[in-house]
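**Student:** Task: produce atomic coordinates for the following.
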Amino acid sequence: MTLDELSGPSNRSLLLIHGRDFKPHEDAYMDLTMAALRAGIERDFPDQLDAFDAVRKHLAWYGDLNAEILEAHGKSYDEKLDIGDRRNVLTSLRGIKARKRFGIRQYDLLPGKSAIPEAIADIVAPLFGALGLCVPLLRLLCKDFARYFDPKSDYAVKVRQRLRDRLCELMDRGDRIVLISHGTGSVIAYDVLWQLSHDPDLKEKYHDMKIEVWVTLGSPLGDSSIQRRLLGAKEKRHAKFPENVLFWHNVAAEDDFTCHDNTLADDFKAMLQQRMISAVHDYKIFNLAVRYGKSNPHSSIGYFIHPRVSKILSDWLQSGDTDAAPKSTF
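**Tutor:** Numbering: from 1, shown residues only. Prediction:
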């Protein structure tokens, strides 16, 4: 399925940005993602399926930039195997017909389920951050994401440009936008939103343009070491944060160590206090994805098809021109 086939005749646009590590090629990633999102809508809100199909779909893809870094460090990637395993995840989760079954009872039955990585992250991240060892640790474990914070590299400039070009195109067109960012893609999204709010070359045109809903999935934005490296982190008051988001929904899965600090409303409460955003909601979920025979709570497919994400999208699809905050309960 092509990007054109995934996009319908609507003034609403869904823009997705993925996270770190190897990724399937653009069309395959988009196809799997939209199939997962659509399956969740079809399961929980079938009356909204036509509205979802009419939404224009877009992807800010930078998997080639990730691969270039990882392959330079001796990493290899079997794309066909990865796509096949992602499809297996989608097939399995699509078979769950009731949203109430996305709970702890089913999660506890998953093979290889472990809280250890998240627990270690909870302990190690603050300690390493205090000692200034966060970036060295990233260089060891997440070479592509570490490159994002390397001032000698143009990687951050390139990935921000990929998202910014897409987002500005939608804003220029006057679309109603929901932005979905998975994993470390939420850091890129935050920085781009800040640029559009405060960069001297961009703010005159884009400062007052809003995205209606920002959804962060498995986001590391709660980590204090990451927060210190965000664009605007050293600024004061309004200049510190993006000013172009109406509603922010943060979804974090149990045992997903990428979002070991899984609440963002407390970290970004100043945005509310300064009336820069209408709402920041945090949700804790259970990601039922099993990848290569083992529980993977950070799986994008597991997030995209989850009832919480379906609810957020359904509320957005039903919202009028003058939006009320999407409901936070089923």
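**Student:** CA only for contacts and neighbour counts going forward, please
**Tutor:** Fine.
**Student:** what ranges do the helices span in the stretch 51-200 of the chain?
**Tutor:** 63-72, 79-94, 104-107, 116-130, 134-141, 143-148, 155-173, 185-198 (DSSP state H, counting those that start in this stretch).
**Student:** deepest of those, which one?
**Tutor:** Of the helices of the stretch 51-200 of the chain, the one with the most neighbours on average (mean count of other CA atoms under 10 Å) is helix 185-198, at a mean of 24.
**Student:** Counting by contacts, list what it packs against.
**Tutor:** Of the remaining helices and strands, those touching helix 185-198 by 3 or more CA pairs under 8 Å, 6 or more residues apart in numbering; DSSP states H and E are strand 12-17, helix 155-173, helix 203-206.
**Student:** closest to Val251 out of the ones you listed?
**Tutor:** Checking the helices and strands packed on helix 185-198 against Val251 by CA to CA gives strand 12-17 as the closest, at 14.9 Å.
**Student:** so that closest one versus helix 185-198, what angle?
**Tutor:** Interaxial angle, strand 12-17 versus helix 185-198 (axes from the mean of the first three to the mean of the last three CA atoms, to 10 degrees): 120 degrees.
**Student:** Contacts for the next helix or strand after strand 12-17, please.
**Tutor:** Next in sequence after strand 12-17, counting helices and strands by DSSP states H and E, comes helix 26-44. Contact with helix 26-44 is made by 1-3, 6, 23, 48-49, 52, 59, 61, 63, 83, 86-87, 90, 94, 97-99, 300-301, 304-307, 309-311, 314, as judged by CA atoms under 8 Å, 6 or more residues apart in numbering.
**Student:** Pull out the buried members of the residues you listed.
**Tutor:** Buried residues within those, counting neighbours by 16 or more other CA atoms under 10 Å: 6, 23, 48-49, 52, 59, 61, 63, 83, 86-87, 90, 94, 99, 300-301, 304-307, 309-311, 314.
**Student:** Take the strand ranked longest in the chain, keep the C-alpha atoms, and write them as PDB.
**Tutor:** For the chain, the longest strand by residue count, based on DSSP state E, is strand 245-253. Written as PDB, here are the backbone C-alpha positions of strand 245-253 (Å, rounded to 0.1, in the frame of the first residue of the first chain):
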ATOM      1  CA  VAL A 245       0.500  22.100  21.100                       C
ATOM      2  CA  LEU A 246      -3.100  22.100  22.300                       C
ATOM      3  CA  PHE A 247      -3.300  18.600  24.000                       C
ATOM      4  CA  TRP A 248      -0.400  16.300  24.900                       C
ATOM      5  CA  HIS A 249      -1.100  12.600  25.600                       C
ATOM      6  CA  ASN A 250       1.800  10.500  26.900                       C
ATOM      7  CA  VAL A 251       1.400   6.700  26.800                       C
ATOM      8  CA  ALA A 252       3.900   4.600  28.700                       C
ATOM      9  CA  ALA A 253       4.000   0.800  28.900                       C
END
